[in-house]
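**Student:** what's the 3D shape of this:
(chains A, B and C)
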Amino acid sequence: MTTPLFSVEGVNVALPDPNHKSLLGTMPMVEILHDIDLEIEEGSVVGLVGESGSGKSTLGRTLVRLLEPAAGTIRFLDTDISHLDEQAMRPFRRDLQVIFQDPLSALNPRHTIASIIGRPLMLHGLAQNRRAARRLAQEALERVGLPTAFAARYPHELSGGQRQRVGIARAIATQPRFVLADEVVSGLDVSSQAQILTLLDQLKTDLKLTVVFISHDLSVVRRLCDRVVVLRRGEILENRPTAELFEAPAHAYTAELKAAIPLPEVDQGWLASQ
Amino acid sequence: MADIAQTAPQSGPAHRRRPLPLRLVLSGTWLLVVLICAVFAPFIAPHDPLAQDLLLERLPPFWMAGSEPGYYLGTDGLGRDVLSRIIYGARIALTVAFVAATAACVIGSALGLIAGYYRGFVDQIVSRIVDIWMSFPPVLFAILLVAVIGTGLHSVILAIIVIDWIRFCRVVRAETFVQVKLDYVDSARVAGFSRLTILIREVFPNTLPTIVALLSLEMGIAVIVEAILSFVNLSISTDDPTWGGMIAEGRTIIYFAWWVLVFPLIALFLTVLAFGQFGEGLKDRFDPVLQ
Amino acid sequence: MMADAFLDIADLSIVLRSDRAHRLLRSVDLHVNPGEVRGLVGESGAGKSMIGKTIFDILPRAVEAVEGAVTLGGTDLLALSSNARRREIAAAAALIPQDPLTALNPVRRIEGQITDRLTAILGFSKKAARDRALTLLEEVHINDPERVLRSYPHQLSGGMRQRVLIAAAFAAEPKLIVADEPTTALDVTVQKQILRLIAEMQAHHGTALLFVTHDLGVVAKICQNVTVLFGGKVVEDTDVKGLFAHPAHPYTAALINATPRYDRPDQSLLPVPADVIEATRAEIAKADAEWLSQRGQTLKAAS
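**Tutor:** Residues are numbered from 1 along each chain as shown, chains lettered A, B, ... in the order given. From the prediction side, this is the model:
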């Protein structure tokens, strides 16, 4: 058996609690994730599902080390990255990319699209100069179905769906092995949503990406993911292949989540059902 | 699909070509006039601002009976030309405005950025200093300072810097807090940039509209502080024409020669107002998100 | 049917004041009968919120209704003075807003926020208003209504706040309630409870309900009839069964196919085809051109 891309063992994550600020401005830590074990196979698409407060985003951010676990280990291939500092993480950054939920907030309004996509490429030695970085940025834009002329634009000049495509272009431009997609379609209209998901689906196959897809929407996860991990209050309830999980949810909570989704078909009994 | 992706929203480059807002034009024009007066004062001023002529004392402005040709805004109690003194006064006002405000801006903004970005220990120290600073009444603080280090242009500038850096520090720190929470900062961390790079290249440009607006406002405030210090005779020597000094002199003879007080007051008022409006106008215009 | 409609929007066109040839709503017809639950569906920019704002007379200053009628319970709103219009609307209609956090004033207790309308508009005494508020909170299944009345918004959970807003909307027994994406910000399990509650309250009070949403799934579960908007124009007006069984407009069909569903992973989430969007836009452009050629002169004269 091959080594998984990620193996997470006994991870706890605690964050400062802004609701209980003390007089001196210090905030007590609240545990968001408890004792998480998870393996992510290379090339798989894993859905992290849960309601608000389940810790799904925290888990995703800990995987790419935007957060540091309080306990436990996170291994990326053979390296324990749980406590690496900024500098020690740098060689791994190229391989661990993130597509954020709100592309307007995730794209610096002061930089052009070319600079947003191109700068990291120079940092990682994928482009030797600005011109090369710009060319690679344009290639990435083409990959996500945007015209190369967008390289010269600023984020506020694009529509929501276009911005999210730029977010994807930035993530794939470094040719990463792993992409974290954090609620990438939840702010979009249904029609842009379908476009972005189709694009992601195609990219993961073309680029042999491993993807962790965070979503509150089980229907979206069903379409895209090989495995689904259901989280509630910082714990993993289920971690199973997608088809299996949807056919026979092992946990009552998963069944409840599924039943709460309003499918687009007329069903008189749905509202009354528990 | 590609077609939908390529349709740009209607905002965008077209917005940048919209005409300059009126307040930016008006305030900018006034500031330019003041700047030209300050730089070319010897060529513009009709008279020597220090030349006294007791035969010509308290001449009224040109439209009133008893005025002398060439003394457009009249003369003061020592027969000095009011217009020339206002023009020379602009030199001191603008020197103080630019030097003091810029220095306060650089110091305060740098500390604000660092405190807001690194949080923790650094923030605690900076914030406590700001808290202590804020509990001093600023004008009294300035008078005290000038009294200790002596009068003169340098002292006035130093006093303004020492007092007003916290204004920048507080606002920039708060703005940095807001910016740091946005995902573009995390995006830059994901890309692998160092903390310092992220602060300078990602966060700082986004605080610039706020800093620029505040800088312009601060220049106006510096002009006022200088005038106040001149008014209480703690600025530069009384002979040198300053707007504050002129107002102080004019106050004593307001019933005989109101123009000695009113004209420098108008210059002061318009300049301070223009600085404030100019800053706000710049902020509106160059904030990409507001567009 | 049209004669009985409680809310009757007919041929409503809204334009930008700065460019009166630019229509934001394009000859919209929308009727909600007493006791009917009608869905108003569209993507962002389709004009859903513009219709809501027209009903409550809170249109931004930059736009203007140039044509058409908005009739509420037989009264033509656009013909009234603005004060009379406001009174009429306050008595006849109420809103369930989208964001339960910002819709409640954080520095006031819940009690006042429910009873305001009762005391101010319907002339209830303070005591009677309070009793009514308690009854309403019980109706929305709040276990401890006394405590909730004394609470401030931040002391309640998101689902609880939404319940309070529903209670407040029904407080003055309006004939029409407009629910503006009331569940968009909520988790799915809470969304289901809130939808059930809205349906229950609607049936109990016999109110006409205009349910604004972008989610066809929600429409399928709670609405009887539905109006689909695209680019400020009504592209479909039908009953929900018909909508899903045989959508009349290609855009509606594409929108249904684009909606994700876990039971049919391969037949859902299909991007709306570009030619459908193009054709729909062309349709709108054509309608605009006709509208403009008929009214170009009068528009110019008015501006």
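**Student:** centre-most residue in chain A?
**Tutor:** In chain A, the residue lying closest to the centroid (CA atoms, centre = their mean) is residue A:181, at 2.4 Å.
**Student:** check which helix or strand covers that residue.
**Tutor:** Element membership of residue A:181 [criterion: DSSP states H and E] is strand A:178-182.
**Student:** same check, this time on residue C:101
**Tutor:** Per DSSP H and E: nothing holds residue C:101, as it lies in no helix or strand.
**Student:** enumerate the residues of the stretch 1-150 of chain A near chain B.
**Tutor:** A:25, A:61, A:64, A:66, A:86-87, A:89-90, A:93-94, A:96-98, A:100-102, A:105-111, A:119-120, A:123-124, A:145-147 (CB under 8 Å from any CB of the partner chain). C-beta: built from backbone N, CA, C; applies to glycine.
**Student:** can you tell me which of the residues you listed are in helices?
**Tutor:** Cross-referencing the residues of the stretch 1-150 of chain A next to chain B against helices under DSSP state H gives A:61, A:86-87, A:89-90, A:93, A:105-106, A:119-120, A:123.
**Student:** now for residue 113, how many residues are close by?
**Tutor:** Since you didn't name a chain, this refers to chain A. 28 (other CB atoms under 10 Å in any protein chain shown).
**Student:** should've been chain B
**Tutor:** If we define neighbours as other CB under 10 Å, then residue B:113 has 23 of them.
**Student:** and for the one 10 residues further on?
**Tutor:** Close neighbours of residue B:123, defined as other CB under 10 Å, add up to 20.
**Student:** before we move on, back to that, how far away is the residue nearest to the centre of chain A from chain C?
**Tutor:** 15 Å (CB to the nearest CB, to the nearest Å).
**Student:** what residues does residue A:204 make contact with?
**Tutor:** A:45, A:179, A:211 (CB atoms under 8 Å, 6 or more residues apart in numbering or on different chains).
**Student:** part of a helix, is residue B:240?
**Tutor:** No: under DSSP: H, G, I helix; E, B strand; the rest coil, residue B:240 falls outside any helix and is assigned coil.
**Student:** ramachandran coordinates for the nearest residue to it once chain neighbours are set aside?
**Tutor:** Counting by CB to CB, 6 or more residues apart in numbering or on different chains, residue B:92 is the residue found nearest to residue B:240 once chain neighbours are left out, at 6.9 Å. Backbone torsions for residue B:92, taken as degrees, to the nearest 10, come to phi -70, psi -40.
**Student:** list the contacts of the closest residue to residue C:115 other than its chain neighbours.
**Tutor:** Distances taken as CB to CB, 6+ apart place residue C:129 nearest to residue C:115, at 3.8 Å, with adjacent residues excluded. The neighbourhood of residue C:129, defined by CB under 8 Å, 6+ apart, consists of C:115, C:118-119.
**Student:** burial count for the spatially closest residue to residue C:16 that is not a sequence neighbour?
**Tutor:** Leaving aside its chain neighbours, residue C:16 sits nearest to residue C:22 (4.7 Å; criterion: CB to CB, 6+ apart). The number of residues packed near residue C:22 is 12, by other CB under 10 Å.
**Student:** where does pLDDT dip in the stretch 1-150 of chain A?
**Tutor:** A:1, A:20-26 (pLDDT under 70).
**Student:** thinking again about what came up before, now, of the contacts of residue C:129, which are buried?
**Tutor:** C:115, C:118 (16 or more other CB atoms under 10 Å in any protein chain shown).
**Student:** reformat the contacts of residue C:129 as TSV; add pLDDT.
**Tutor:** Formatted as TSV, those follow (pLDDT from 0 to 100):
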residue	pLDDT
C:115	90
C:118	86
C:119	87
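**Student:** what about the strands in the stretch 201-303 of chain C?
**Tutor:** C:208-213, C:225-230, C:233-239 (DSSP state E, counting those that start in this stretch).
**Student:** these: which one's closest to chain B?
**Tutor:** strand C:225-230 (13.0 Å; CB to the nearest CB).
**Student:** the nearest residue to residue C:42 once chain neighbours are set aside and chain A, how far apart?
**Tutor:** Leaving aside its sequence neighbours, residue C:42 sits nearest to residue C:229 (CB to CB, 6+ apart; 3.5 Å). Distance of residue C:229 to chain A, given as CB to the nearest CB: 12 Å.
**Student:** state the distance from residue A:8 to chain C.
**Tutor:** When residue A:8 is compared with chain C (using CB to the nearest CB), they lie 25 Å apart.
**Student:** can you pull out the low-pLDDT segments for the stretch 151-300 of chain C?
**Tutor:** In the stretch 151-300 of chain C (pLDDT under 70), the answer is C:296-300.
**Student:** and the residue of it at minimum distance from chain B, how many neighbours?
**Tutor:** At 4.1 Å from chain B, residue C:274 is the closest residue in the stretch 151-300 of chain C, using CB to the nearest CB. Per other CB under 10 Å, the neighbour tally for residue C:274 reads 15.
**Student:** in this model residue C:62 seems to touch the residue nearest to residue C:16, though I could be wrong.
**Tutor:** No: look at residue C:22 against residue C:62 with CB atoms under 8 Å: they stay out of range, at 10.8 Å.
**Student:** any residues in contact with both of these two?
**Tutor:** With CB under 8 Å, 6+ apart as the test, residue C:22 and residue C:62 both reach residue C:16.
**Student:** show me the contacts for residue 263.
**Tutor:** Answering for chain A, as no chain was given. A:219, C:217, C:220, C:261-263 are the contacts of residue A:263 under CB under 8 Å, 6+ apart.
**Student:** please refer instead to chain B.
**Tutor:** B:61, B:73, B:82-83, B:86.
**Student:** do residue A:136 as well
**Tutor:** Contacts of residue A:136 by CB under 8 Å, 6+ apart are A:117-118, A:121, A:126-127, A:173.
**Student:** roughly how far does residue B:277 sit from residue C:27?
**Tutor:** 44 Å (CB to CB, to the nearest Å).
**Student:** out of those two, which sits in the busier spot?
**Tutor:** When residue B:277 and residue C:27 are compared for neighbours, residue B:277 comes out ahead with 22 against 17, by other CB under 10 Å.
**Student:** how about the secondary structure of residue C:130?
**Tutor:** helix.
**Student:** show me what the residue nearest to the centre of chain A is bridged to.
**Tutor:** Beta-bridge partners recorded for residue A:181 (DSSP bridges): residue A:99, residue A:213.
**Student:** contact partners for it?
**Tutor:** A:98-99, A:200, A:211-214.
**Student:** ok, residue C:75 next?
**Tutor:** Taking CB under 8 Å, 6+ apart, we find residue C:75 in contact with residue C:88.
**Student:** how much space between it and residue C:85?
**Tutor:** For residue C:75, the distance to residue C:85 - CB to CB - is 9 Å.
**Student:** residue C:215 and residue C:40, how far apart?
**Tutor:** Separation of residue C:215 from residue C:40 (CB to CB) stands at 12 Å.
**Student:** so between the two, which is more surrounded?
**Tutor:** The residue with more neighbours, out of residue C:215 and residue C:40, is residue C:40; 27 against 18, by other CB under 10 Å.
**Student:** can you tell me the SS state at the more buried one?
**Tutor:** strand.
**Student:** then residue C:26?
**Tutor:** Look at residue C:26: counting by three-state DSSP, its state is strand.
**Student:** do you know how far it is from residue C:230?
**Tutor:** 10 Å.
**Student:** with that, I have no additional questions.
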